[in-house]
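Asker: Sharing a model that was predicted from the sequence below.
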Amino acid sequence: MNTLAHDRVSESAPDFMFERDMETMARGRIAELQAERLRWTLDHAYRNIPHYKRLFDGAGIKPKQLSSIDDLRHFPFTVKTDLRDNYPFGMFAHPIDELSRLHASSGTTGKPTVVGYTAAELENWAGLMARSMAAAGARPGDVVHNAYGYGLFTGGLGAHYGAERLGCTVVPASGGGTERQVMLLQDFGARVLCSTPSYALNIAEVAETQGVDIAALPLQKGLFGAEPWSEETRGELDRRLGITAVDLYGLSEIMGPGVACECDTARSGLHGWEDHFLFEIIDPETLEPLPMGESGELVITTLTKETMPMIRYRTRDITRLSDEPCICGRTHVRILRLTGRCDDMMIIRGVNVYPLQVESVLTGLPGLSPHFQIVLDNAGAMDAMTVEVEIATDAPSGHEDLASSARDVRHHIKSIIGVTCDVVAKRPGELPRSEGKAIRVRDLRKNC
Ligand code: DLL
């Protein structure tokens with residue numbers, strides 16, 4: 001994108017945008033641009049990637065049959081196993097020697113999924129991350145402490161180049177070494193923190209045990225994502241770090257972080273950058289597209305990616321879209337808070353439960369820390385859930401106190417989520433701490 005387009009004149013203004021023309025484009029114009037770019041993407045994928053040729057031919061559809069965006073619903077979906085089946089480079093339209101970088105996301109089983117970028121695509125990504133950071137309240141000249149993991153994970157380098165593109169000074173802290181991170185936050189005076197929400201809570205906790213008041217430091221904005229987090233956790237991060245916590249979304253198959261980001265003006269849904277991506281919501285059972293505002297699985301089609309265009313990629317993420325105008329002036333559709341992944345859903349005694357619902361209940365209760373894990377096990381023919389949660393550092397921790405906290409939590413989970421489970425209250429420090437994406441579920445079930 002045009003790097004000269006940013007609002008140089010109004011960098012310090014509250015409504016500063018990195019690419020105002022694109023971010024505030026009339027919705028009709030966005031639709032025209034999307035149709036044009038979609039036609040190019042379908043044609044490019046069909047001609048250059050054998051997987052898509054096979055897929056489209058199998059479905060009896062040709063790119064030229066798309067006469068409007070609505071026709072996209074007739075094209076087949078892409079799923080994660082398509083990437084695995086074409087491991088490592090089978091989904092690429094370019095030979096490897098034309099690429100500048102590879103990233104990969106580690107699956108729980110088998111081979112990772114690999115994504116590749118040309119130099120131009122890295123430029124594009126940096127621009128979209130810069131746009132996201134500016135929306136979240138970062139400004140040129142800010143010090144950005146980047147605690148997303150550096151490496152094959154897209155979080156570290158994605159946020160890094162976005163912050164540089166915005167004109168910030170990056171502290172490439174990566175994840176881990178939390179005590180040192182607290183020292184760097186104090187000494188370098190970062191105004192912006194980038195990390196997973198669970199790692200930000202870990203930083204807050206370590207700072208508190210070191211007697212450091214992060215809320216009194218220059219830190220003001222947090223860009224948190226890469227895992228589901230609740231409004232209650234947002235409140236906790238705002239309060240404990242003295243910041244405005246903003247939601248950031250992305251996935252490696254589509255690009256990495258920066259596919260969508262909240263504005264710090266409204267903090268009410270993530271602006272999905274529609275000049276580069278087309279968002280649909282489908283019913284994950286019937287696979288039919290759902291109307292604006294209904295909850296279902298997010299499906300994304302890339303509009304500007306050359307190396308690895310993704311056609312109707314099923315993210316497995318559950319959310320809703322909103323095209324209501326936003327008070328910040330950005331016109332791009334909003335992706336409302338992601339409530340979980342289809343594959344994270346647990347069925348406990350017939351009730352559908354997502355880890356995020358458990359997080360919401362726990363974070364709202366006094367006397368508890370935000371650190372928890374869900375343990376799944378077999379109970380006869382059914383699945384049983386045990387919630388392990390740590391009590392707050394200042395809460396009484398005798399045997400009877402722990403038992404009473406556990407009873408209390410069990411009662412709240414039953415009344416709010418409607419599921420009966422066991423609860424084990426733990427003393428501070430007994431559960432593992434996150435340094436990146438938190439592991440919320442320990443699955444001990446046999447045959448799963
Ligand atoms: O997590 C990219 C990223 C890095 C996003 C840093 C934001 C910040 P993956 O490792 O491929 O990529 O994982 C993608 O993480 O499909 C969601 O399930 C989840 N996820 C990402 N952002 C959010 C969010 C990165 N804001 C998967 N809320 C996605 C909820 C999120 N879940």
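Answerer: The structure has been received and is ready for your questions. The shown structure was predicted, so the numbers you read here are calculated from the model rather than taken from an experiment.

Asker: interface residues of the stretch 51-200 of the chain facing the ligand?
Answerer: By CB under 6 Å from any ligand atom, the residues of the stretch 51-200 of the chain that approach the ligand are 105, 148, 153-155. Bear in mind the C-beta positions are built from the backbone N, C-alpha and C, glycine included.

Asker: Give me the secondary structure label for the residue in the stretch 51-200 of the chain that the ligand sits nearest to.
Answerer: Residue nearest to the ligand within the stretch 51-200 of the chain: Gly155 (3.5 Å; CB to the nearest ligand atom). On the three-state scheme (DSSP: H, G, I helix; E, B strand; the rest coil), Gly155 is labelled helix.

Asker: and the two most separated of the residues of the stretch 51-200 of the chain next to the ligand?
Answerer: Pairwise distances across those (CB to CB) peak at 13.3 Å, for the pair Ser105 and Tyr148.

Asker: how about Lys80, what does it touch?
Answerer: 107, 113, 253, 314, 316 (CB atoms under 8 Å, 6 or more residues apart in numbering).

Asker: Now the second one. Its backbone dihedrals?
Answerer: Note on Thr113: backbone dihedrals following degrees, to the nearest 10 are phi -100, psi 130.

Asker: Any stretches of the stretch 1-150 of the chain with poor pLDDT?
Answerer: 1-9, 107-109 (pLDDT under 70).

Asker: residue ranges for the strands of it, please.
Answerer: In the stretch 1-150 of the chain, the strands defined using DSSP state E, counting those that start in this stretch lie at 101-105, 113-117, 143-146.

Asker: coming back round to it: would you format the contacts of Lys80 as JSON lines with neighbour count included?
Answerer: Putting those into JSON lines (neighbours: other CB atoms under 10 Å) gives the following:
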{"residue": "Gly107", "neighbour count": "13"}
{"residue": "Thr113", "neighbour count": "22"}
{"residue": "Glu253", "neighbour count": "25"}
{"residue": "Arg314", "neighbour count": "21"}
{"residue": "Arg316", "neighbour count": "18"}
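
Asker: Grab the longest strand from this structure for me.
Answerer: Scanning the chain for the longest strand, with DSSP state E as the assignment, gives strand 368-379.

Asker: Which single residue of this protein approaches the ligand most closely?
Answerer: Gly225 (3.0 Å).

Asker: beta partners of that residue?
Answerer: On the basis of DSSP bridges, Gly225 is bridged to Leu248.

Asker: give me every residue that touches it.
Answerer: Applying CB under 8 Å, 6+ apart to Gly225 gives the contacts 196-197, 247-250, 257.

Asker: Now the two most distant members of these.
Answerer: Using CB to CB, the contacts of Gly225 reach their maximum pairwise distance at Pro197 and Gly250, which is 14.4 Å.

Asker: With neighbour numbers in mind, choose between Ser105 and Tyr148.
Answerer: Taking neighbours as other CB atoms under 10 Å, Ser105 and Tyr148 compare with Tyr148 leading, 29 against 17.

Asker: Keeping just the C-alphas, turn stretch 25-45 into PDB.
Answerer: Coordinates of each C-alpha in stretch 25-45 appear next as PDB, following Å, rounded to 0.1, in the frame of the first residue of the first chain:
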ATOM      1  CA  MET A  25     -13.800   4.500   2.100                       C
ATOM      2  CA  ALA A  26     -17.500   4.500   1.500                       C
ATOM      3  CA  ARG A  27     -19.000   1.000   1.800                       C
ATOM      4  CA  GLY A  28     -20.200   1.000  -1.800                       C
ATOM      5  CA  ARG A  29     -16.600   1.700  -3.000                       C
ATOM      6  CA  ILE A  30     -15.300  -1.100  -0.700                       C
ATOM      7  CA  ALA A  31     -17.700  -3.500  -2.300                       C
ATOM      8  CA  GLU A  32     -16.500  -2.500  -5.800                       C
ATOM      9  CA  LEU A  33     -12.900  -2.800  -4.900                       C
ATOM     10  CA  GLN A  34     -13.600  -6.200  -3.300                       C
ATOM     11  CA  ALA A  35     -15.400  -7.500  -6.400                       C
ATOM     12  CA  GLU A  36     -12.500  -6.400  -8.600                       C
ATOM     13  CA  ARG A  37      -9.800  -7.900  -6.400                       C
ATOM     14  CA  LEU A  38     -11.900 -11.100  -5.900                       C
ATOM     15  CA  ARG A  39     -12.000 -11.700  -9.600                       C
ATOM     16  CA  TRP A  40      -8.300 -11.300  -9.800                       C
ATOM     17  CA  THR A  41      -7.700 -13.700  -6.800                       C
ATOM     18  CA  LEU A  42     -10.000 -16.500  -8.100                       C
ATOM     19  CA  ASP A  43      -8.400 -16.300 -11.500                       C
ATOM     20  CA  HIS A  44      -4.800 -16.200 -10.100                       C
ATOM     21  CA  ALA A  45      -5.500 -19.100  -7.800                       C
END
